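Colleague: structure for the following, please:
(one chain, ligands or ions: 1)
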Amino acid sequence: MNKEQIKLKMDDLIRQINYHNYRYYVLNDPEISDYEFDQLLNELIRLEKEHPELADPNSPTQRVGGDITKKFPTVKHKVRMMSLDNTYSFEELEEFHQRVVKAVGYEPEYVCELKIDGVAISIHYENGKLKQAVTRGDGIQGDEVTANVKTIRTIPLTLIGNDYPNELEVRGEIFMPVKVFKKLNEELREELLEKGLNEEEIEQQLLKNPRNTAAGTLKLQDSKIVASRKLDSYLYFVISPELSFETHYESVLKAKEWGFKVNPYLRKCTSLHEVKQYIEHWEKKRFELDYDTDGIVIKVNSFKLQRLLGETAKAPRWAIAYKYKAEQAATILQDIVFQVGRTGAITPVAVLKPVQLAGTTVKRASLHNADFIAEKDLRIGDTVFVEKGGEIIPKVIGVDLSKRDSSSKPFKYITHCPECHSTLIRKEGEAIHYCPNETECRPQILGKMIHFITRKAMNIESLGEKTIEQFFDAGLVKSYADFYKLSYDQIIQLEGFQDKATRNILQGIEASKKVPFPRVLYALGIRYVGETVAQKLAHHFKSIDALKKASFEELCEVEEIGEKIAASVVEYFKNPYNLEIIEQLRQYGLQLALNDDEIKPLDDKLKGLTFVISGVFEKHSRDELKKLIIQHGGKNTGSISGKTSYLIAGENAGPEKLKKAEQLNIKIINEDEFLKMI
Ligand code: IVH
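Modeller: Alright, predicted model coming up:
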């Protein structure tokens, strides 16, 4: 094939991929299998790699991201992005309707739409190609986020058909599906839990709601991460001097033909009565959707009438938003119970009489800490109001005092641990109570042991939560160091343990003695020392003995180590019990220092690069490859993400990993290619 033919071939692939992308993501009605789709995409990726000079900047391969945006330039909107006036009641809605009728002279047709709770966006197309995407900002100017918007699969990079205007601006909402948001938060929770944060701290650090997260995601510098966040869009507005639609409804349907995703629940209403029915219908139904909606937008359908009605300084007179009130429910506070975390943090939890709220049954709500309960004067038996805003966890927002029983008494916060009865402590300036009895309080000990065996820590797969509980209750283990003194006879006599399981457990424990120092450090469960912090500390200090001696100031000097972490590390090593456990681990032969070959990279040829290894290799074992990566300043991780630079694939490499790498456009290399790099 000559250059021209190759270019034609690439254009044809782009056209096909765009079309199938549209069928899949916008119409939800694919015509070909994922496999066939991937083949088309891979063919295009291959051609673009071979002929980068022919690559189209709007190629669908751009979806996986790759561009880094350091600064988002401010761009002035060609046409101001207005906002909407809000109403909260049918009376106000009627007033709006009366104003419209008065100006128009008759009852016009309306279009009702869901008000998507996302981030408003304006996207410019020239000759059918996406050129620029800008956030709403203050309505006059916004930030240019083109590279990130290009990763959103429901936003066409090239328009479909041949009747679109040369210059087109479309506006709409970018949002994060609730499912995606929840998953992201679950992953974040896991990470924070592993760092030893308590419920209160975790709650503070979790992502607040899908809208904030979508807004934050659009402003990420690395478009690869944006691509992995699976944002979605609904478009509801087209602007072009070349268009001559008569109605809003028509224009939105046309936008759909050009490839945009438009909300399927748009409805024309010929009376205010129908508008109200639409509002009432979605008041409850909206909770079944996979995106947040905070109201309904009512628009006069005819463009002629829209022009007649005009606008105020801030909002059009031809449209209004009907906002739903945040869902609230009243229910009985049946009890307040307390959870003890692995660090001893006490979290009070409200036990509620089950109540329906925003599409789910609510039975419990976090009460944060003692101050919260005192401030609200919550009492057992009270009727309380619970609310679910954009947030996922329901909140207790107040008490219905009119329903309070005259004999009720203020709630007395516990003074002793509900598990081990130790006197609770509360540190200066902290809102949380702690149980100080780290060495004997059941949930604390179990929590620490369970953390110790997890995959990223000592990875003792043959032990599980239930087994650990059984060992603990039988008095065989009091700390994780005790795992290493367990004997065959001790385990086999317990109920449910056969020869094979027993040997397995002992083998798993024995094997963990080889786990490298950074992971052992992480396994200790020092508060705020998660996997990455443990790595940083291990590589900086090289051994537990050096780390033990480090002062607060010395710790603060380490890259990415803040005061909170430094204080926690110092406190940990001050505690004689912890020192005793460390000595026991040393006796049992665990790795409490870096090996020679783990120390100091030889060079930084792989600096800034992240590798994932999969499969079996000819010249090196996987562990050896890992070491090589680290010795040359690179990073090795277990799973592929937007941050991965290379997948080193050997024989029998995991098909999932290969597929994901291809999807994210991550380079796949073999052992030799890797060795060449170093
Ligand atoms: S129309 C001039 N339609 O709500 C009219 N807006 O409060 C412009 N929004 O900034 C807006 N869903 O971000 C319109 N179906 C919808 C909408 C919608 C969500 C947002 C939009 C706007 C804000 C106004």
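Colleague: residue numbers of the stretch 201-350 of the chain in contact with the ligand?
Modeller: Y236, V297, P316, A319, A321 (C-beta under 6 Å from any ligand atom). (Each C-beta comes from the backbone N, C-alpha and C, glycine too.)
Colleague: excluding sequence neighbours, find me the nearest residue to the third one.
Modeller: Once its chain neighbours are removed from consideration, P316 has its nearest residue in M82; the separation is 5.9 Å (C-beta to C-beta, 6 or more residues apart in numbering).
Colleague: ok, now how distant is that neighbour from the ligand?
Modeller: 4 Å (C-beta to the nearest ligand atom, to the nearest Å).
Colleague: so where's the chain shaky on pLDDT?
Modeller: Residues of the chain meeting the criterion pLDDT under 70: 389-392, 596-597, 599-602.
Colleague: which parts of it sit against the ligand?
Modeller: 82-84, 113, 115-116, 120, 136, 173, 236, 297, 316, 319, 321.
Colleague: do that again at 5 Å, thanks
Modeller: Contact residues (C-beta under 5 Å from any ligand atom) of the chain with the ligand: M82, S83, L84, E113, K115, I116, A120, E173, Y236, V297, P316.
Colleague: what's the closest of these to I45?
Modeller: Distance to I45 across these (C-beta to C-beta) is lowest for E173, with 30.6 Å.
Colleague: pairing partners for the closest one in the sheet, please.
Modeller: A120, Y234 (DSSP bridges).
Colleague: can you give me the strands for the stretch 501-650 of the chain?
Modeller: Taking DSSP state E, counting those that start in this stretch to define them, one finds strands in the stretch 501-650 of the chain at 610-614, 635-637, 646-649.
Colleague: ok, now the stretch 251-400 of the chain?
Modeller: Along the stretch 251-400 of the chain, the segments classed as strands by DSSP E, counting those that start in this stretch run 267-269, 293-300, 319-323, 327-340, 346-357, 360-366, 383-388, 395-399.
Colleague: pretty sure S271 contacts E109?
Modeller: No. S271 lies out of contact with E109 (C-beta atoms under 8 Å); the separation is 9.2 Å.
Colleague: burial check on the residue in the stretch 501-650 of the chain that the ligand sits nearest to, number of neighbours?
Modeller: Nearest residue of the stretch 501-650 of the chain to the ligand (C-beta to the nearest ligand atom) works out as G642 at 26.7 Å. G642: 20 surrounding residues under other C-beta atoms under 10 Å.
Colleague: correct me, but it touches L220?
Modeller: No. With contact defined as C-beta under 8 Å, G642 does not count as touching L220 (9.5 Å).
Colleague: of the strands of the stretch 501-650 of the chain, which is nearest H51?
Modeller: Proximity to H51 (C-beta to C-beta) singles out strand 646-649 among the strands of the stretch 501-650 of the chain, at 22.2 Å.
Colleague: packing partners for the helix or strand following the closest one?
Modeller: Sequence-wise, the next helix or strand downstream of strand 646-649 (DSSP states H and E) is helix 655-663. Applying 3 or more C-beta pairs under 8 Å, 6 or more residues apart in numbering; DSSP states H and E, we find helix 655-663 packed against helix 34-50, strand 610-614, strand 646-649, strand 667-669.
Colleague: list the buried ones in helix 655-663?
Modeller: Using 16 or more other C-beta atoms under 10 Å as the test for burial, helix 655-663 gives K657, L658, K660, A661, E662, Q663.
Colleague: what does stretch 489-497 give?
Modeller: Residues Q490, I491, F497 are the ones in stretch 489-497 that count as buried (16+ other C-beta under 10 Å).
Colleague: using JSON lines, please lay out the strands of the stretch 251-400 of the chain together with mean neighbour count.
Modeller: Formatted as JSON lines, the strands of the stretch 251-400 of the chain follow (neighbours: other C-beta atoms under 10 Å):
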{"stretch": "strand 267-269", "mean neighbour count": "15"}
{"stretch": "strand 293-300", "mean neighbour count": "23"}
{"stretch": "strand 319-323", "mean neighbour count": "22"}
{"stretch": "strand 327-340", "mean neighbour count": "17"}
{"stretch": "strand 346-357", "mean neighbour count": "18"}
{"stretch": "strand 360-366", "mean neighbour count": "15"}
{"stretch": "strand 383-388", "mean neighbour count": "19"}
{"stretch": "strand 395-399", "mean neighbour count": "18"}
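Colleague: can you put the ones you listed in TSV and add distance to K427?
Modeller: Output for these, formatted as TSV (distance: least, C-beta to C-beta, whole Å):
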stretch	distance to K427
strand 267-269	57
strand 293-300	39
strand 319-323	42
strand 327-340	16
strand 346-357	12
strand 360-366	20
strand 383-388	29
strand 395-399	25
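Colleague: how close does the spatially most central residue of the chain get to the ligand?
Modeller: When C-alpha atoms, centre = their mean is applied to the chain, the residue found nearest the centroid is L184 (2.3 Å). The gap separating L184 from the ligand is 22 Å, by C-beta to the nearest ligand atom.
Colleague: returning to that earlier point: go through the strands of the stretch 251-400 of the chain and name the closest to A255.
Modeller: Closest to A255 of the strands of the stretch 251-400 of the chain, according to C-beta to C-beta: strand 293-300, at 14.5 Å.
Colleague: ok, the closest one: who's next to it in the sheet?
Modeller: The pairing partners recorded for strand 293-300 under DSSP bridges are strand 110-116 (antiparallel), strand 319-323 (antiparallel).
Colleague: contacts for the longest one?
Modeller: It refers to strand 110-116. Counting by C-beta atoms under 8 Å, 6 or more residues apart in numbering, the neighbours of strand 110-116 from elsewhere in the structure are 173, 175, 234, 236, 247-249, 263, 265-270, 275, 278-279, 282, 286, 289, 291-301, 321-323.
Colleague: please apply the same query to the last one.
Modeller: Contacts made with strand 319-323 from outside it, assessed by C-beta under 8 Å, 6+ apart, are listed as 84-88, 93, 96, 115, 279, 294-300.
Colleague: looking at S271 and E109 now, which is surrounded by more residues?
Modeller: Legend: neighbour count by other C-beta under 10 Å for S271 and E109, higher for E109 (17 against 12).
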